[in-house]
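> Fold the following.
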Amino acid sequence: MITTTHAIVNCAILGRKEKPTHYWPIIVGAILPDIPMFLYFAFYLLNHSHIRVTPGYLNENHFRQLWVDWGHSIPLALAGALLCFALKSKGATAFFLSMFLHSLEDFPVHSDYAHRHFLPFSNFRYFSPISYWNPQRHAGIVAPLEWLLVLASVAILWRRGLTSVAQVVLLFIVIFQGMFLIYYLGGWRW
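Residues are numbered from 1 along each chain as shown. I've put the predicted structure just below:
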């Protein structure tokens, strides 16, 4: 899934109107597993700006992939959530639950570069038959469904009484993601 989708969906699932301070740990927990990918992407663009970069192309670097895999570890996220729950740290619990949800959301839609979701217990990678970005693996169906999930999550969050800044940010993400779908998967070029 697209990283912003993780943040929006996880806020809709884990966030509460009466606990607005827990949104930041949820957002950080949703984004953190993908940070190594963004750092590698930025580094790669600076050094190879002439190459067309796709999500699958970015996963060739083993060292970066190792950090991404550990960030997507379901056992580690659950252990962190249980420990923080036992310590009665609600914000930290929300953070680890958001990391856990990120991994669950990625599991069925990574066809070309699956993560090792069960580290440290297993190096198993589930290569799904569907993809959120690869048109050859049904992304033409999966990506619009992901966008609909974003729209539904935004509607849930909107009903919780967001600030005007949060509303503008969510609108920007929804519009940007929709344009990406039209451009990348729909084949429309401007």
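> From here on, just use CA atoms for contacts and neighbour counts.
Noted.
> residue contacts, Leu76?
Applying C-alpha atoms under 8 Å, 6 or more residues apart in numbering to Leu76 gives the contacts Leu119.
> Which strand or helix spans it?
helix 74-86 (DSSP states H and E).
> and if you look at Leu46?
With DSSP H and E as the test, Leu46 turns up in helix 35-47.
> how about the helix or strand Val165 falls within as PDB, C-alpha atoms only?
Following DSSP H and E, one finds Val165 within helix 164-180. Provided in PDB are the C-alpha atoms of helix 164-180 (Å, rounded to 0.1, in the frame of the first residue of the first chain):
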ATOM      1  CA  SER A 164      -8.900  22.800   9.200                       C
ATOM      2  CA  VAL A 165      -5.200  22.100   8.800                       C
ATOM      3  CA  ALA A 166      -5.800  18.300   9.000                       C
ATOM      4  CA  GLN A 167      -8.700  18.600   6.600                       C
ATOM      5  CA  VAL A 168      -6.500  20.400   4.000                       C
ATOM      6  CA  VAL A 169      -3.800  17.800   4.400                       C
ATOM      7  CA  LEU A 170      -6.300  14.900   3.900                       C
ATOM      8  CA  LEU A 171      -7.800  16.600   0.900                       C
ATOM      9  CA  PHE A 172      -4.300  17.100  -0.700                       C
ATOM     10  CA  ILE A 173      -3.500  13.400  -0.100                       C
ATOM     11  CA  VAL A 174      -6.800  12.200  -1.600                       C
ATOM     12  CA  ILE A 175      -6.400  14.400  -4.600                       C
ATOM     13  CA  PHE A 176      -2.700  13.500  -5.100                       C
ATOM     14  CA  GLN A 177      -3.400   9.800  -4.700                       C
ATOM     15  CA  GLY A 178      -6.300   9.900  -7.200                       C
ATOM     16  CA  MET A 179      -4.100  11.800  -9.700                       C
ATOM     17  CA  PHE A 180      -1.400   9.200  -9.300                       C
END
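> ok now that helix, how far from the chain's centre?
16 Å (C-alpha atoms, centre = their mean, to the nearest Å).
> pLDDT on it, on average?
Average pLDDT, helix 164-180: 88.
> again, but for stretch 67-80
93.
> on that earlier part again, helices or strands next to the helix holding Leu46 in the packing?
Judged by 3 or more C-alpha pairs under 8 Å, 6 or more residues apart in numbering; DSSP states H and E, the packing partners of helix 35-47 are helix 62-71.
> List the buried residues for the helix it packs on?
Within helix 62-71, the residues scored as buried using 16 or more other C-alpha atoms under 10 Å are 64-65, 68-71.
> and what of stretch 34-47?
34, 36-37, 40-41.
> swap in stretch 8-23?
So for stretch 8-23, counting by 16+ other C-alpha under 10 Å, buried means 8-12, 15, 22-23.
> go on, stretch 108-122?
108-119.
> do the same with stretch 161-173
In terms of neighbour count (16+ other C-alpha under 10 Å), stretch 161-173 has its buried residues at 170, 173.
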